[in-house]
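K.L.:
Sequence and predicted model, in that order:
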Amino acid sequence: AQSVAQPEDQVNVAEGNPLTVKCTYSVSGNPYLFWYVQYPNRGLQFLLKYITGDNLVKGSYGFEAEFNKSQTSFHLKKPSALVSDSALYFCAVRVLSLYSSASKIIFGSGTRLSIRP
Amino acid sequence: DAGVTQSPTHLIKTRGQQVTLRCSPISGHKSVSWYQQVLGQGPQFIFQYYEKEERGRGNFPDRFSARQFPNYSSELNVNALLLGDSALYLCASSLQGPLDSNQPQHFGDGTRLSIL
């Protein structure tokens, strides 16, 4: 089955330290991968995507993610965390139907990132 | 430019009732998708519409239906509401169709539906 996994429900980091939010995926074919962030009572905001090309993708607010095909992972990273980075983060993958011109986005269960001052 | 707008922001219904949620995509976006986000979980895909046609459907019962209008706005309808339908319903729009959807989706702030 095609899926996305975020193994950590919560990640706690001190401000100024590097952070990593983990994501692994299982899809057929080449994956289109995305990271979104959700603040309380808001919709999801796009951070970055991997379609093809360089395995290190840079996105909004200083975030980056590394695509690793052999490990089927797409971990989100930031060199120096800010308190304002505290939010809920979702990894997602686009899945194509084998039998129709349809696609859908599958989201992980989310990781709550908490940055302490 | 306005982002994706959803209405209403909050809604309270009772079991067995019917509800209609509305979504206006970003100007120029022709694809609209609907998601259900239950508290503590990631969004679950319900439908995708592109150029007024259904292009994808998630694992939801037939009580859920949707449509897209000529101006690309969309409605999600849920009949015979159950307690388990309580969730945040998110609408997302994108510029391209499903086969070209390497572009990110832009989300509205959602409609919070509570079933009593």
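P.N.:
Thanks, I have it.

K.L.:
so where's chain A shaky on pLDDT?
P.N.:
A:97-102 (pLDDT under 70).

K.L.:
Try it again at 80.
P.N.:
A:1, A:29, A:95-104 (pLDDT under 80).

K.L.:
Might you enumerate the residues of chain B proximal to chain A?
P.N.:
When proximity is defined as Cβ under 8 Å from any Cβ of the partner chain, chain B approaches chain A at B:4, B:33, B:35, B:40-45, B:48, B:55-58, B:90, B:92, B:97-99, B:101-102, B:104-110. Just so you know, the C-beta spots here come from the backbone N, C-alpha and C atoms, and that holds for glycine as well.

K.L.:
The lengthiest strand in chain A near chain B anywhere?
P.N.:
Counting by DSSP state E, the longest strand found in chain A is strand A:87-96. Yes - among the residues of strand A:87-96, A:90, A:92, A:94, A:96 lie within reach of chain B under Cβ under 8 Å from any Cβ.

K.L.:
Chain neighbours aside, what residue packs nearest to the last one?
P.N.:
Read it as residue A:96. With sequence-adjacent residues excluded and distances taken as Cβ to Cβ, 6 or more residues apart in numbering or on different chains, residue A:96 is closest to residue A:103, at 4.9 Å.

K.L.:
which ones are touching residue A:33?
P.N.:
Residues in contact with residue A:33, defined by Cβ atoms under 8 Å, 6 or more residues apart in numbering or on different chains, are A:23, A:25, A:49, A:50, A:65, A:67, A:74, A:91, A:92, A:93.
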